[in-house]
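Colleague: let me see the structure of the following:
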Amino acid sequence: MGVLDIVPAGVLTGDNVRKLFDYAKENKFAIPAINVTSSSTANAVLEAARDIKAPIILQVSQGGSAYYAGKGLANDNQQASILGAVAAAHHIRTVAKAYGVPVVLHSDHCAHKLLPWFDGMLAANEAYFKEHQEPLFSSHMLDLSEEPKEENIATCVKYFKRMAPLGIWLEMEIGITGGEEDGVDNTGVDNASLYTQPEDIYDVHAALSAISPNFSIAAAFGNVHGVYKPGNVKLQPELLGKHQAYSSQKLGGRSEKPLYLVFHGGSGSTKEEIRTAVENGVVKMNVDTDTQFAYLAGIRDFVFKRKDYLLTQVGNPEGADKPNKKFYDPRVWVREGEKTLSARVKEACSDLGNTACKESACKCMYRLE
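Modeller: Reported below is the predicted structural model:
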C-alpha cells in the first residue's frame, strides 16, 4: 500500500497529517522538513518529492517568512513575517497538488518573543477555515523550550485549544536545540538542557492528548543547529527509545511507540544516528543548513563556469558583439541552484527511508538499507 492510498496529493490538514505520520511510523521512515524562503526554493523541494514519489514537508521560519515578503518591508511588529508566511502558504497550496505528492505545510521555531508572528498566522488560518473548512497551514511549531517547563506546556495547551478545532497539527519543543539558527542563539546554554527527560515528555503528552492526538514533540537528545563534523556533537538518539518506553508504560502499554517525535539540528548527523532516531519513532527531521548550501552550490558553479559570459551584457569569448542574455537571465542561473537543492532533498529522503519503495525486496537507489 502506497502513501497515496492513505492520504491525497497536495497540502494535508487535520487527521490526514496524523495518518501520514502513522504511515511513516509503521513503515519506519521519516519525512524531511525543508525550510523554504522563496517560490524558487519551494518549487525545487516539491520537484524532488515528485521525482521520487515521496511525501514532503515544506516549512517557513520567522526570518524566512520576512524574506519571502521582501527584505524591504518593515518587520517591527512581525508584519512582514506574517505576510510572507501567508504568501508562501498560498503559493505552496496553489502548486502542491500538481506535483502529485502529499505535502505538509509547516511553520518552524516560534520562540516566546515571536508569538505575534504565530498569532498572525493563526488569524490567517481562521479566516481561511471560514471559507474553505480547513486551515491554511497543516501545522505550526511552538518553541518555548527556553521557558520553564510549566509555562511551556501551559502556553502550548492554550494555543492548541485554538488550533485543534481548525485541524492544525502542533509541534512543540521541550529541551533546547543548541547552536544558532535564524536569529535564535542557544550557543551558550547549559549542556544538560540539550537532553530531555522522559518524565518531561510524558507531561507534555498528558497535557496535549487531552485536547487532540494531533501533535508531535521535538525532544532534545544533544541536537545542535548548524553545520558540524560527525563526532563533534554528542547525539544520543537512543534516548528517544527510552522516551517511547516510558510513555508507553505510563499509558498502559497500548502502543509501543505512542509519541510522534521530531529531529531538530540534524545537519552533519551520521546515517547511523539518523537510522536510530527513525527506529525510535522520529517522523520528521528538519533539514536547513545542508539545503541552503546545496542551493548556493549550483549557482556558484554556474558563475565560476560562465564567468566570462557574466561580466557584461554584450561581449564574451565567442565575440565582442555576442549578447550574454541567455547566461545572465535569472531563470538560467537560479535554475542551477534549484537543481542542486532538489538533488540534496532527494538525498535527505533517502537517508530517512522516505521513498515510494516500502517493500523489503525493493533494491531501488533511494531505499535506506
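
Colleague: per-residue confidence at residue 270?
Modeller: Looking at residue 270, its pLDDT stands at 84.

Colleague: where do the helices of this structure begin and end?
Modeller: Assigned by DSSP state H, the chain shows helices spanning 15-27, 39-52, 62-69, 79-96, 115-132, 149-163, 198-209, 238-250, 271-279, 289-305, 325-328, 330-351.

Colleague: in a markdown table: these, plus distance to residue 3 and mean neighbour count.
Modeller: Where C-beta positions appear, they are placed from N, C-alpha and C, glycine not excepted. Compiled in a markdown table, those are given as follows (distance: least, CB to CB, whole Å; neighbours: other CB atoms under 10 Å):
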| stretch | distance to residue 3 | mean neighbour count |
| --- | --- | --- |
| helix 15-27 | 6 | 19 |
| helix 39-52 | 11 | 21 |
| helix 62-69 | 27 | 24 |
| helix 79-96 | 14 | 21 |
| helix 115-132 | 23 | 17 |
| helix 149-163 | 24 | 17 |
| helix 198-209 | 25 | 18 |
| helix 238-250 | 23 | 18 |
| helix 271-279 | 16 | 19 |
| helix 289-305 | 22 | 17 |
| helix 325-328 | 40 | 13 |
| helix 330-351 | 12 | 20 |
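
Colleague: out of those, which gets nearest to residue 313?
Modeller: Closest approach to residue 313 among the helices of the chain (CB to CB): helix 325-328, 7.1 Å.

Colleague: poorly predicted segments of the stretch 151-300 of the chain, please.
Modeller: Under the criterion pLDDT under 70, the flagged ranges of the stretch 151-300 of the chain are 176-194, 223-233, 267-268.

Colleague: mind redoing it with 90?
Modeller: Low-confidence segments of the stretch 151-300 of the chain (pLDDT under 90): 175-197, 220-239, 253-254, 264-271, 273.

Colleague: report the contact partners of residue 39.
Modeller: Shown in contact with residue 39 (CB atoms under 8 Å, 6 or more residues apart in numbering): residue 91.

Colleague: can I get the helices of the chain in TSV including distance to residue 33?
Modeller: Shown next, in TSV, are the helices of the chain (distance: least, CB to CB, whole Å):
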stretch	distance to residue 33
helix 15-27	12
helix 39-52	10
helix 62-69	12
helix 79-96	13
helix 115-132	16
helix 149-163	18
helix 198-209	20
helix 238-250	17
helix 271-279	14
helix 289-305	10
helix 325-328	33
helix 330-351	9
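
Colleague: mind checking which of the ones you listed is nearest residue 265?
Modeller: Of all the helices of the chain, helix 289-305 comes closest under CB to CB, at 8.9 Å.

Colleague: CA atoms only: put that closest one into CSV for me.
Modeller: Output in CSV follows, covering the C-alpha atoms of helix 289-305 (Å, rounded to 0.1, in the frame of the first residue of the first chain):
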residue,chain,number,x,y,z
THR,A,289,21.8,24.2,6.7
ASP,A,290,22.7,21.5,4.2
THR,A,291,20.0,22.6,1.7
GLN,A,292,21.0,26.2,2.0
PHE,A,293,24.5,25.2,0.9
ALA,A,294,23.1,23.0,-1.9
TYR,A,295,21.1,25.8,-3.4
LEU,A,296,24.2,28.0,-3.4
ALA,A,297,26.4,25.3,-5.0
GLY,A,298,24.5,25.2,-8.3
ILE,A,299,24.6,29.0,-8.7
ARG,A,300,28.2,29.2,-7.6
ASP,A,301,29.3,26.6,-10.0
PHE,A,302,27.4,28.2,-12.9
VAL,A,303,29.0,31.6,-12.1
PHE,A,304,32.5,30.1,-12.0
LYS,A,305,32.0,28.2,-15.2
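
Colleague: please name every helix or strand in contact with that helix.
Modeller: Contacts defined by 3 or more CB pairs under 8 Å, 6 or more residues apart in numbering; DSSP states H and E place helix 289-305 against strand 31-35, helix 39-52, helix 330-351.

Colleague: note down every partner strand of the shortest one and its orientation.
Modeller: I take that to be strand 31-35. strand 56-60 (parallel), strand 282-287 (parallel) (DSSP bridges).

Colleague: which residues are contacting it?
Modeller: 20, 24, 41, 45, 54-61, 64, 104, 106, 108, 283-288, 291-292, 345, 348-349, 352, 354.

Colleague: please repeat the previous calculation with a cut-off of 6 Å.
Modeller: Contact with strand 31-35 is made by 45, 55, 57, 59, 61, 64, 284-288, 291, 345, 348, 352, 354, as judged by CB atoms under 6 Å, 6 or more residues apart in numbering.

Colleague: and what of stretch 242-261?
Modeller: Contact with stretch 242-261 is made by 21, 198, 201, 202, 205, 216, 217, 219, 240, 281, 282, 283, as judged by CB under 6 Å, 6+ apart.
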